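Chemist: Below are the sequence and a predicted model; questions follow.
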Amino acid sequence: MELKPLSPEFDELRNVLIASNMASCYLILNEIMTRRGEAFFYETFKNEWLGVYKEIHKYVSKMKPRKAER
């Protein structure tokens, strides 16, 4: 996965957004699993979430932007 270089301020913001998204997804999934009576472990989630995130980013980065507005 390649992320474009950003200024330090924007790079920090990007990292915060990624971490926030990951934390939100984990909390929601953990709540669902707890209600089902199943155990859920952060490391398992993190590894799976990062895999999905990287695949989506790889796919989106190959998409070409529109040349003109519709």
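Modeler: Right, received. Where do you want to start?
Chemist: In which helix or strand does the spatially most central residue of the chain reside?
Modeler: Nearest to the geometric centre of the chain sits Y53, at 4.6 Å (C-alpha atoms, centre = their mean). Using DSSP states H and E, Y53 sits in helix 42-62.
Chemist: Flag every buried residue along that helix.
Modeler: F45, W49 (16 or more other C-beta atoms under 10 Å). Yep, even glycine has a C-beta here, placed from its N, CA and C like the rest.
Chemist: Can you give the distance of that helix from its chain's centre?
Modeler: 6 Å (C-alpha atoms, centre = their mean, to the nearest Å).
Chemist: Remind me what that helix packs against, helices and strands.
Modeler: Contacts defined by 3 or more C-beta pairs under 8 Å, 6 or more residues apart in numbering; DSSP states H and E place helix 42-62 against helix 8-35.
Chemist: Give me the helices and strands touching the helix it packs on, please.
Modeler: On the basis of 3+ C-beta pairs under 8 Å, 6+ apart, helix 8-35 makes packing contacts with helix 42-62.
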